Each structure stands twice: as C-alpha cells, then as structure tokens.
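Colleague: Below are the sequence and a predicted model; questions follow.
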Amino acid sequence: MKTPVVIAVAGAAGQISYSLLFRIVSGELFGLEQPIILRLLEITPSLEKLHGVVMELNDCAYPLLQKVIPTDDSRVAFKDADYVFLAGAKPRKMGMKRKDLLASNALIFAEQGKALNEVASRHVKVLVTGNPANTNALITQRNAPDLSPSCFAAMSMLDHNRAISQLAEKCGVRSKDIKNIIIWGNHSETQYPDLHHATVKGQNAFALVEDEWITEYFIPTVQHRGAAIIGARGLSSAASAANAAIDQMRAWTLGTQNNDWVSMAVFADGSYGIENGLFYSFPVRVSAEGEVTIVSDLQIDAFSLMRMQVSERELKEERMAVQHLL
Ligand code: NAX
C-alpha cells in the first residue's frame, strides 16, 4: 500500500458531496492501492448532518479509508491537503442566474483561499465546483499568493461530458468513440462547446452532423443543460457533477490518454488571445506527472472566436464584481 493522500472536501454534507465522497473512498479516483485520509468541511449548522454522512462512510468499511476528520474550521480541513474539492457554496435555484450567486458565494472562496495558502500542501490541486466556479477559482487563487496558480482549476468537465454525450447520441456511437471535444470559457450559459476538432471513431465530427444541428441544438443544449436539470429535478445536478469532479481530478493527477484532451478551466496564459490570469476553460493535455499544458495552435474560425470572446467578456464582468476580494 502507498502512503495515504489527504483529500479535503468543502460542502461535505451537500448533495454533490453525497455522491462524491463515497466514490472517492471506494477507489474510483486514484485506484485500489491508494489509501485516503478525508478532511470534511461544513458550516457549523450543518455539522450534525455531516456527522450522519461520516457514520455512513464508516458503515461502508472501505479498505482505503484510513481516517475521516469532520470540521467547521477551514484551517483544520485543509491542513496538509494534497487534493481539495471546493463544493461548499449555495447552489442555483430555479430561475436564478449564476451571476446572482456571485455576491453570496464570493466571500466563502476568499476565506478558503487564505486558509489554503496557510496550511495546504505546496503541491495541492484545488478543484473549484461551487458556482460561479471560474470566478470563485480566481478569488481562491488570488487569496493564496504563496501557492502557484497551477494549483487551481475550476470544473468544466461536466460541460465536457455533456457535450460528448450529446454528440454520441446524435451519431449513434458510445461516449468512448468521441475524442477532442472542447468547452471554451466560463461554466455558464456563455460557454462555447466546440466540435471543430472533435472526432467520432476517428472521423471529423463536423462531417457527420448538420451545421443547423450544431447551432440550433448542440450548442444551446450543452449551454443550458444545468438549467434543464434544475427544471426537471427541482435541484441542480449532483451525481453528474460529482462524476465530473472525479473525472477532472483524475485526469489532472494521472494524465490524459491517447492523444485526447479534456476541458479544464485553468489560469489563462494568453493562449488564443484570452486575457492572462482569468480562469478560462481550454482544451488541456496532462502529463503522467500531473503537469497541465493548454493545447496550442488549434485553428479557430471567426464564429468560434466570437463565441470565445463573449464568454471571456462575461468572466471580466464577474471579475469586476469581486474586485474588492482579489
Ligand atoms: P448543496 O446546497 O447541497 O451543498 C452545499 C453545501 O455547502 C451545504 O451543505 C452547505 O452547508 C455547505 N456550505 C455552505 N457554505 C459553506 C462554507 N463556507 N464552508 C463549507 N461548506 C459550506 O449544494 P450542491 O448541490 O452540493 O452544490 C454545491 C455547489 O456546486 C453549488 O455552488 C452549485 O451551484 C455548484 N455546482 C457546480 C457545477 C459545476 O459544473 N461547476 C455543477 C453542479 C452544481 O450546480
């Protein structure tokens, strides 16, 4: 058995965590040889509920789970953390736009950034899920100046998986047959799901689907999928969000495979003209050592560039609204 890794989850009594935690400690994240210490963060009023989750985790008798530490103190939760899932935030309710969430959730991420800066491992990987995820990642990163910006990412893997699933259904293939999908931009309705580089069983996706399907169905369906799920379930995506969090953290740690890439919202380095320092979703490849590289030199047509810039503009506006916390 390897040395245990410390995994911290904020919002640990919430609905995403209720799927996420059990999958992490069953070995789905890092395999069956990797023992885990879990540090679970909640607000004080939710500690009793968290206690129930901890009882259930213990009742699974998972061989990989060495210890569970529930707490309402972020400095205890993030102590020596190697991997952090930040899902502790209010979710969007029916009819609410992500921007409405900004004001109430931003402070949480400023505080958690400071705590990470003080106590987390210097090589920590912090995946921000709580919405608005990209701007919350920015707030967290800016409040953790002693950590490299490469320690932070926001989740766009759910959008990436949604795009794969739509294309697979359209082409009558399985999700594993789809490669090189891209989500550009913000995890919001301005995101741009891009098929220009995608392949279906090795064939260019563009040659297999009609232009009209892309603009009238594919792009809006992926962009508005979160709202559609809220409309149908009365609650925001939870199991699929937990699944995507596992997919993104696993790819970020163990690497991408077979010349494929994943979409991750990472610290922009000027690639594709996107302003440096925004957390923007790009196609990335990850080495087996966990080093992330934005895929460069993709041909971008005028339609795509316009869509990418719309999402960049929204991220700049969100940044303006939280300037006081940066
Ligand atoms: P829940 O309300 O079920 O859970 C959130 C939990 O966070 C609650 O238990 C709450 O007590 C806790 N919490 C609140 N403030 C906290 C703080 N300061 N420290 C620690 N914990 C705190 O929401 P859930 O459905 O689990 O969603 C969590 C977040 O993920 C929301 O912001 C939601 O909008 C976002 N999502 C992001 C997605 C993405 O793709 N990036 C998709 C799914 C989801 O909508």
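Modeller: Received the coordinates, thanks.
Colleague: gap between the two ends of stretch 190-208?
Modeller: 25 Å (CA to CA, to the nearest Å).
Colleague: now it: how far from the chain's centre is it?
Modeller: How far stretch 190-208 lies from its chain's middle: 21 Å, per CA atoms, centre = their mean, to the nearest Å.
Colleague: Make 53 the first number, not 1, from now on.
Modeller: Taking 53 as the first residue, the last one we looked at is stretch 242-260.
Colleague: Quick check: buried residues in it?
Modeller: 242-252, 257, 260 (16 or more other CB atoms under 10 Å). Every C-beta, even on glycine, is put in place using the N, C-alpha and C of the backbone.
Colleague: Would you pull up the residue in the chain closest to the ligand?
Modeller: Across the chain, the shortest distance to the ligand (CB to the nearest ligand atom) belongs to G66, at 2.0 Å.
Colleague: wait, isn't that residue in contact with A139?
Modeller: Yes: G66 is within contact range of A139, at 6.0 Å (criterion: CB atoms under 8 Å).
Colleague: Could you give the bridge partners of I89?
Modeller: Note on I89: beta-bridge partners by DSSP bridges are V58, K119.
Colleague: Now for it: which residues touch it?
Modeller: Under the criterion of CB atoms under 8 Å, 6 or more residues apart in numbering, the neighbours of I89 are P56, V57, V58, I59, Q118, K119, V120, I121.
Colleague: Could I get the pLDDT score of it?
Modeller: I89 carries a pLDDT value of 98.
Colleague: Flag every residue of the stretch 203-352 of the chain that's near the ligand.
Modeller: Counting by CB under 6 Å from any ligand atom, the stretch 203-352 of the chain comes close to the ligand at M207, L210, H239, S288, S289, A290, A293.
Colleague: these two touch, right, the third one and A205?
Modeller: No: no contact is recorded between H239 and A205 when judged using CB under 8 Å, the distance being 11.1 Å.
Colleague: so what's in contact with the two at the same time?
Modeller: Counting by CB under 8 Å, 6+ apart, the contacts common to H239 and A205 are A317.
Colleague: Can you get me a residue count around V58?
Modeller: 22 (other CB atoms under 10 Å).
Colleague: quick one on the thing from earlier: closest one of the contacts of I89 to G83?
Modeller: G83 has its nearest neighbour among the contacts of I89 in V57, at 11.2 Å by CB to CB.
Colleague: Provide the backbone phi and psi angles at the one residue sitting closest to the centre of the chain.
Modeller: Nearest to the mean C-alpha position of the chain, counting by CA atoms, centre = their mean, stands M207 at 1.5 Å. As for M207, its main-chain torsions (degrees, to the nearest 10) stand at phi -90, psi 120.
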